[in-house]
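Novice: this one's sequence-less:
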DNA sequence: AGCCATTCTTAAAAGATTTTCAGGTTCACG
DNA sequence: CGTGAACCTGAAAATCTTTTAAGAATGGCT
């Protein structure tokens, strides 16, 4: 389970990162709005813990930006501001939970568990990786805000990679999934080439890494 | 939107019922565990507001009973107990939110809105109607256990009907959704015919009803 | 460097889907 | 009952997707 912590205070950020890590969560800790934007654009998170007072902007603004862009990860707001109006504003902007500072770490954990439990009953239908967003329900693909038209085989292939981002997938594993019984063809090569020409435009490093003799990997 | 309020204090219960009703929610107010059980067994609610101290039992016990039975309506716990341990216990038993008394009504509303919003983003991925099952994620259709192969246009057309089962859909509405800008063709006729031959096999009454001069309806 | 196996790319054939079109059927209304 | 508009259906044409196949490029190895 991946958690993004957006917190500028050094002490608290460090504390959260360490505490959550010890509970077997994968934690990414950023201290600015800009870094938070980058982090979320890159991968999916299961929960976002968001402090409102950030050096380069308002957390609430960041939240409404995300919701507007279609990100619907559960957000837990962390804030010293305990004015009722602020809490209402936060919830109405799309926050899922609100924990006033100071709080006990155990209580934070309980809130995180609650949000995760809820999330797990909801099937994830949008997968994001780098600047690629795959909507399984809408069957659409976006490459940094631009819609990319993929045929159904192309989509299926990309879906396998997105579901296993970072992992190495062998040729036979992929082929068997998309073209069962059609080994000994070079279909996979052809479709990898097509995906690359459609997706690997103006990107720094390539999206798909070839592992000679083994298979491929979405980096 | 239907809300179940479980609250034994006369004054507070009345206040909540009236306040929420004025916000256009349908409210059912009960004062005991027993009534709450009955109410939930009878119909679905979109949100449950649960007070912990009840005359005939503990609210937390009721909650764990529900979760055990598979009810996963969002539950907002309302409680004077503000000990951290109690809040943690409530959340871990399956509550989605915790509002300590006393609270402002506006804040309660914000929490309710947040819970409802989250609920609505939970997308249904399998739609069933009569003996037709449509899996939006898997992009598959089953007609009483038998898989039916549909092309993507056929699937899109069926999806519109399944999403609006029973409702009358005008020709222009459907056409505009699937073939934007391609009015004045008889594509809809052609595809309705195809869907019918694929789906209306050995069924009693037909699946699609034609409303002459208007459109169609999934019955 | 030179070789070989693997992977990449391109083009064209094969296959499937979508669209068009024309003739047939049904239904409401006079 | 005849008429016309609306709807249905089958089949051909156009388009798009998938597959096949063959030469080019690449990378590891001696």
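Specialist: The structure has been received and is ready for your questions. Keep in mind that this is a model prediction, so the values were computed, not measured.
Novice: Quick check: residues of chain A near DNA strand C?
Specialist: Residues of chain A lying close to DNA strand C (CB under 7 Å from any atom of the strand) are A:171, A:186, A:189-190, A:192-194, A:196-197, A:210, A:212-215. (Each C-beta comes from the backbone N, C-alpha and C, glycine too.)
Novice: out of those, who's near DNA strand D?
Specialist: Intersecting those with the contacts of DNA strand D gives A:186, A:189, A:190, A:212 (criterion: CB under 7 Å from any atom of the strand).
Novice: What is the nearest of these to chain B?
Specialist: Minimum distance to chain B across those is 21.2 Å, recorded for residue A:190 (CB to the nearest CB).
Novice: and the one helix or strand that closest one maps to, what other elements does it pack with?
Specialist: Under the criterion of DSSP states H and E, residue A:190 resides in helix A:187-199. Judged by 3 or more CB pairs under 8 Å, 6 or more residues apart in numbering or on different chains; DSSP states H and E, helix A:187-199 is in contact with helix A:152-163, helix A:171-178, strand A:208-211.
Novice: go with 6 Å
Specialist: Under the contact criterion of 3 or more CB pairs under 6 Å, 6 or more residues apart in numbering or on different chains; DSSP states H and E, helix A:187-199 touches helix A:152-163, helix A:171-178.
Novice: Turn the ones you listed into TSV, columns for mean neighbour count.
Specialist: Listed next are the helices and strands packed on helix A:187-199 as TSV, based on neighbours: other CB atoms under 10 Å in any protein chain shown:
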stretch	mean neighbour count
helix A:152-163	18
helix A:171-178	16
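Novice: Adding mean pLDDT, write these out as a markdown table.
Specialist: Converted to a markdown table, these look like this (pLDDT from 0 to 100):
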| stretch | mean pLDDT |
| --- | --- |
| helix A:152-163 | 96 |
| helix A:171-178 | 95 |
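Novice: now the angle between helix B:105-121 and the longest helix anywhere in chain A, please.
Specialist: Longest helix in chain A, counting residues (DSSP state H): helix A:105-120. Relative orientation of helix A:105-120 versus helix B:105-121 (axes from the mean of the first three to the mean of the last three CA atoms, to 10 degrees): 40 degrees.
Novice: Residues in contact with whichever helix or strand comes after helix A:105-120: which ones?
Specialist: Per DSSP H and E, the first helix or strand lying C-terminal to helix A:105-120 is strand A:126-129. Strand A:126-129 is contacted from outside by A:44, A:134, A:135, A:162, A:165, using CB atoms under 6 Å, 6 or more residues apart in numbering or on different chains.
Novice: ditto for stretch A:102-121
Specialist: Against stretch A:102-121 from outside (CB under 6 Å, 6+ apart): A:19, A:46, A:47, A:74, A:76, A:97, A:99, B:84, B:87, B:88, B:91, B:92.
Novice: my guess is residue A:61 is in a helix, correct?
Specialist: Yes. Under DSSP: H, G, I helix; E, B strand; the rest coil, residue A:61 falls within a helix.
Novice: That one: neighbour count?
Specialist: By other CB atoms under 10 Å in any protein chain shown, 13 other residues sit near residue A:61.
Novice: Next one: it relative to residue B:106, how far apart?
Specialist: Counting by CB to CB, to the nearest Å, the gap from residue A:61 to residue B:106 is 22 Å.
Novice: Could you do residue A:41 as well?
Specialist: 34 Å.
Novice: ok, now residue A:181?
Specialist: According to CB to CB, residue A:181 stands 62 Å off from residue B:106.
Novice: one step back: can you tell me which two in the ones next to DNA strand D among the residues of chain A next to DNA strand C are farthest apart?
Specialist: Pairwise distances across these peak at 17.7 Å for A:190 and A:212 (criterion: CB to CB).
Novice: Pick out whichever of those two has more residues nearby.
Specialist: Legend: neighbour count by other CB under 10 Å for residue A:190 and residue A:212, higher for residue A:190 (11 against 5).
Novice: end to end, how far does stretch A:131-150 reach?
Specialist: In stretch A:131-150, first residue to last residue: 16 Å (CA to CA, to the nearest Å).
Novice: Could you dump the residues of chain A next to DNA strand C into JSON lines with distance to residue B:177 added?
Specialist: Output for the residues of chain A next to DNA strand C, formatted as JSON lines (distance: CB to CB, whole Å):
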{"residue": "A:171", "distance to residue B:177": "40"}
{"residue": "A:186", "distance to residue B:177": "39"}
{"residue": "A:189", "distance to residue B:177": "37"}
{"residue": "A:190", "distance to residue B:177": "33"}
{"residue": "A:192", "distance to residue B:177": "34"}
{"residue": "A:193", "distance to residue B:177": "34"}
{"residue": "A:194", "distance to residue B:177": "29"}
{"residue": "A:196", "distance to residue B:177": "33"}
{"residue": "A:197", "distance to residue B:177": "31"}
{"residue": "A:210", "distance to residue B:177": "41"}
{"residue": "A:212", "distance to residue B:177": "46"}
{"residue": "A:213", "distance to residue B:177": "48"}
{"residue": "A:214", "distance to residue B:177": "44"}
{"residue": "A:215", "distance to residue B:177": "40"}
